[in-house]
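Engineer: Next come a sequence and a model predicted from it.
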Amino acid sequence: MSAEIRLTGLVKSFRGPQGPVAAVRGIDVSIAAGETVALLGPNGAGKSTTIDMMLGLTAPDSGSVSLFGATPREAVDAGAVGAMLQTGALIRDLSVRELITMVAALYRDPMGVEDVIALAGLGEAASRRTQKLSGGQTQRVRFAVALVSDPDLLVLDEPTVAMDVEGRRDFWTAMRAFAARGKTVIFATHYLEEADANADRAVLMARGRIVADGPTTEIKARVGFKTIRTTLVDVAVAELAALPGVSAADRHGDSVILRCSDSDRAIRALLERHPSARDIEITGAGLEEAFLELTGDDHELGATPPEPPR
Amino acid sequence: MSGWIYTRYELLRAFRARRFFIFSLGFPVVLYFVIASPNRDVHDFDGLGVSFALYYMVSLASFGTMMAMISSGARIAGERQAGWTRQLRITPLSVRAYFRAKVLTSYAMAITSLLLLYVAGATLGVSLPAHSWLTMSGLILIGLLPFAALGITLGHLMTVDSIGPITGGTVSLLAIVSGTWFPVTSGFLHDLGVWLPSYWLVQAGRATITGHSWGAQGWLVIAAWTAVLTALAALAYRRDTGRV
């Protein structure tokens, strides 16, 4: 497949109180038609700035964006791009149906309004005024607004932020239904599970750069370590960290987490020296571990937003 | 073609925004009754040969319509804060169609305000020949052009929090300098006022009822301000791409 979406050498700085702040420091990505790509990274990684440049809302300092061989503006005018931006309330004093009709009228060949309402799961809310919607319903209306042109490329910037668990599930079901029609979808998120469950490919960003790019399975595999969890009292963390095959140890009450470069050696040594260890679990790295490993040091942990409720 | 459906829904929204609607259109009418009712029997105000009720109907027509035009900026500021303006930028809606919708919506509010004040005037005994109503209305509508552009400019430059005081202050100052509340016929205020579009907006009504004309200077001032403010509005809209 040929690359339909191509970001080349994107760089963008903003003026800050202490001089220019580099938000994006050189991004190169090619995305083929029909791919679903997650743009992952902590707050401040440059995801939204990258999306703004992709949509033509912000001009890059250098580099270029090509969407289906055209500039962002041309692609937008052709109705080829739909987007759900990060910040977004709706304008007041229209019903959901009226608002979608209004936006649909801006395009040459939009989807049917009722089809969009059904696809976004807004059947019950269609006659309600936009200022009387719940947070989740508002997000679904914004999704509908992004879909209404029947775009070839759908860009979603943290789309599930205001949604509850059920809302999230329904949202991703709708998104996958749309993607299944051969559409290209790019979504930014800091929820790793969402990327794992809904994307074919993850692009990890940190501090304005891409630190990993590939299928989610491959990214997980790139991180070699495994984790041993066990219940073990009265042993110092430093002693555990010194075990062969263990690269780091951490204690939370009675439970101990060992990050291992060689989990086979580590488990043998652990059982030999501390036979009282019980409830032992050995797990491979999840996308979350991969994420932390690839986006930088553990000091960044605090900057990583909490996981969604399960 | 598509822009017209967008315009239609913008109008629908404007007339549904009840609080905004009532406040910005009701206020001039209330003010009119407060000022003019007690003086409804003054038939020759200030030796001008027109009744007090007519004189202030015309004053408030300029004030009310100017306020209706500029206050559409507050709606724009609200839409920007909601992130809606950025959403519109990723649709094929052209700048031209966007401005047209905003200007027509402002005019719809201004015309409603004007008609309400005419009705209010009529209840206090104001009557004019048909051609005077028409000339006055026509000149007022033309005189509002710079204010349509000013509303859009302010809407794209100000935040929701700052635009209220800014527009309120602007309208009040312009009204005083332009002789809305009391005749300004000489001195510094007059010399300054004649270069402001609001002065000619006031004159649009007054000239008609006192038999004077707008004159070349009026047309020139309105045209110049319209051109300058339209360019500013376009600039403000183009620059305003960031997150608010």
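Structural biologist: All right, it came through fine. Residues are numbered from 1 along each chain as shown, chains lettered A, B, ... in the order given.
Engineer: Who are the contact partners of A:Val76?
Structural biologist: Taking C-beta atoms under 8 Å, 6 or more residues apart in numbering or on different chains as the criterion, A:Val76 is in contact with A:55-56, B:89-92. Every C-beta, even on glycine, is put in place using the N, C-alpha and C of the backbone.
Engineer: hmm, try it at 7 Å
Structural biologist: Contacts for A:Val76 were tallied using C-beta atoms under 7 Å, 6 or more residues apart in numbering or on different chains; they are A:56, B:90, B:92.
Engineer: One more: A:Ser247?
Structural biologist: A:Ser247 is in contact with A:225, A:259-261, counting by C-beta under 7 Å, 6+ apart.
Engineer: returning to that earlier point: what would the contacts of A:Val76 look like in a markdown table with neighbour count and pLDDT?
Structural biologist: Shown next, in a markdown table, are the contacts of A:Val76 (neighbours: other C-beta atoms under 10 Å in any protein chain shown; pLDDT from 0 to 100):
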| residue | neighbour count | pLDDT |
| --- | --- | --- |
| A:Gly56 | 20 | 94 |
| B:Ile90 | 24 | 94 |
| B:Pro92 | 17 | 95 |
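Engineer: Please, which helix or strand holds the residue most central in space within chain B?
Structural biologist: Nearest to the geometric centre of chain B sits B:Met66, at 1.9 Å (C-alpha atoms, centre = their mean). Using DSSP states H and E, B:Met66 maps to helix B:52-70.
Engineer: Can you name the next helix or strand after that helix?
Structural biologist: Downstream of helix B:52-70 (by DSSP H and E), the next one is helix B:72-81.
Engineer: tell me which residues of that next one are tucked away?
Structural biologist: For helix B:72-81, a neighbour-count test (16 or more other C-beta atoms under 10 Å in any protein chain shown) marks B:72-80 as buried.
Engineer: Where does the prediction get shaky in the chain?
Structural biologist: I went with chain A, as the question did not name one. For chain A, applying pLDDT under 70 flags the ranges A:1-2, A:221-224, A:285-287, A:296-310.
Engineer: Can you look at chain B instead?
Structural biologist: Ranges of chain B meeting pLDDT under 70: B:1-2, B:243-244.
Engineer: I figured A:Ile280 hits A:Thr227, correct?
Structural biologist: No. Look at A:Ile280 against A:Thr227 with C-beta atoms under 7 Å: they stay out of range, at 11.2 Å.
Engineer: what about those two, which has more around it?
Structural biologist: A:Thr227 (18 against 13; other C-beta atoms under 10 Å in any protein chain shown).
Engineer: so is that one in a helix, a strand, or just coil?
Structural biologist: Three-state assignment for A:Thr227 (DSSP: H, G, I helix; E, B strand; the rest coil): strand.
Engineer: Who is it paired with across the strands?
Structural biologist: A:Arg259, A:Thr283 (DSSP bridges).
Engineer: ok, it touching A:Val256?
Structural biologist: No. A:Thr227 is beyond contact range of A:Val256, at 10.7 Å (criterion: C-beta under 7 Å).
Engineer: Remind me which helix or strand the nearest residue to B:Ser213 once chain neighbours are set aside belongs to.
Structural biologist: Of all residues not flanking B:Ser213 in the chain, B:Ala207 sits nearest, at 5.6 Å (C-beta to C-beta, 6 or more residues apart in numbering or on different chains). Using DSSP H and E, B:Ala207 maps to helix B:197-210.
Engineer: From the contact counts, what lies against that helix?
Structural biologist: helix B:52-70, helix B:130-143, helix B:215-239 (3 or more C-beta pairs under 7 Å, 6 or more residues apart in numbering or on different chains; DSSP states H and E).
Engineer: Out of those, which is closest to A:Leu147?
Structural biologist: Closest to A:Leu147 of those, according to C-beta to C-beta: helix B:215-239, at 26.2 Å.
Engineer: CA atoms of the strand or helix carrying B:Phe21 as CSV?
Structural biologist: Element membership for B:Phe21 (DSSP H and E) is helix B:18-36. Extracted as CSV, the C-alpha positions of helix B:18-36 are listed here (Å, rounded to 0.1, in the frame of the first residue of the first chain):
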residue,chain,number,x,y,z
ARG,B,18,-33.3,34.0,24.6
ARG,B,19,-31.4,35.7,27.3
PHE,B,20,-29.0,37.4,24.9
PHE,B,21,-31.8,38.3,22.6
ILE,B,22,-34.0,39.8,25.3
PHE,B,23,-31.2,41.7,26.9
SER,B,24,-29.5,43.2,23.9
LEU,B,25,-32.8,44.1,22.1
GLY,B,26,-35.0,44.8,25.2
PHE,B,27,-32.6,47.1,26.9
PRO,B,28,-32.8,50.0,24.3
VAL,B,29,-36.6,49.8,24.3
VAL,B,30,-36.7,50.0,28.1
LEU,B,31,-34.2,52.9,28.1
TYR,B,32,-36.3,54.6,25.5
PHE,B,33,-39.5,54.5,27.6
VAL,B,34,-37.6,55.6,30.6
ILE,B,35,-36.2,58.7,28.8
ALA,B,36,-39.1,59.5,26.5
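Engineer: For burial, what's the neighbour tally of whichever residue of the stretch 101-250 of chain A sits closest to chain B?
Structural biologist: Of all residues in the stretch 101-250 of chain A, A:Ala105 sits closest to chain B, at 3.6 Å by C-beta to the nearest C-beta. Neighbourhood size, A:Ala105 [other C-beta under 10 Å]: 21.
Engineer: Report the spatially nearest residue to it, omitting neighbours in sequence.
Structural biologist: B:Ile5 is the one closest to A:Ala105 (C-beta to C-beta, 6+ apart), at 3.6 Å.
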